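**Q** With the input below, show me the fold.
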Amino acid sequence: MRVKTEAKREAIIEAAAQAFQELGFEGASMTDIAARVGGSKATLYGYFSSKEELFVEVTHEAARHHFEPIFAALEQEHDDVRKALQRLSERTLTVLCGEQAIRARRAIIAESGRSDIGLRFFQNGPQKGLDELAAFLDKQMARGKVRQCDPLVAARHLTALLDSETVTPVLFGLEKKLSQTALRQAVSRALDAFMRAYGADGSDGTKRAS
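**A** Just a heads-up that it's a prediction; the model follows:
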């Protein structure tokens, strides 16, 4: 019986990432990925039950690389809710509107009707991001910076506001690429709406001079 190793798993993910980037989800095959790793399809299936599972893991590995430091930085933000959310949103959307992330999302949407790839992707990716954001908002509620409500619902509303002028138009080809200025302005407009709805006592969440 062959022993699974973390090094082999990482090698498979790296080879799969290259294959998916070059050939797309449909074009890449487990045979091609196995050849890149230097093993057999049986070895791949010993680590991942399907190409869909491997694709989701490749996507999440890239997301972890980008988003873990972003949310770690959010943990240090306490004084200015609006500023913290502006910084978080700009950094997150820069990644999500990038070519690689958009290609991955399109592939996942295309496959979602034929397998559970969409569910796997959401539960282990976007849902974790929502949970992190909800935890931050919950802390701000305890501090009186955000009105009391279901923090996960608030996180979903904020995400929808942010996506509406950024991820959605890029995903559907209405925009090819957003400049940092356009991204910053879109985030600011989304936060205007969010803080009017969720800011405590009508506050916009920013610190004011006494």
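**Q** OK, contacts around Asp150?
**A** Asp150 makes no contacts at all, as judged by Cβ atoms under 8 Å, 6 or more residues apart in numbering. C-betas here are computed from N, CA, C, even on glycine.
**Q** I'd like the distance between it and Gly199.
**A** Remark: distance between Asp150 and Gly199 (Cβ to Cβ, to the nearest Å) = 16 Å.
**Q** Tell me how many other residues surround the closest residue to Ala135 other than its chain neighbours.
**A** Of all residues not flanking Ala135 in the chain, Pro151 sits nearest, at 7.3 Å (Cβ to Cβ, 6 or more residues apart in numbering). The criterion is other Cβ atoms under 10 Å. On that basis, Pro151 has 21 neighbouring residues.
**Q** Just confirm Pro151 contacts Asp138, I think it does.
**A** Yes. Counting by Cβ atoms under 8 Å, Asp138 is a contact partner of Pro151 at 4.1 Å.
**Q** can you pull the pLDDT of the residue most central in space within the chain?
**A** Closest residue to the average C-alpha location of the chain: Pro126 at 5.1 Å, with Cα atoms, centre = their mean. Each residue has a pLDDT score; the one for Pro126 is 93.
**Q** give me the low-pLDDT residue ranges for this protein?
**A** Within the chain, the stretches with pLDDT under 70 are 1-3, 77-78, 201-210.
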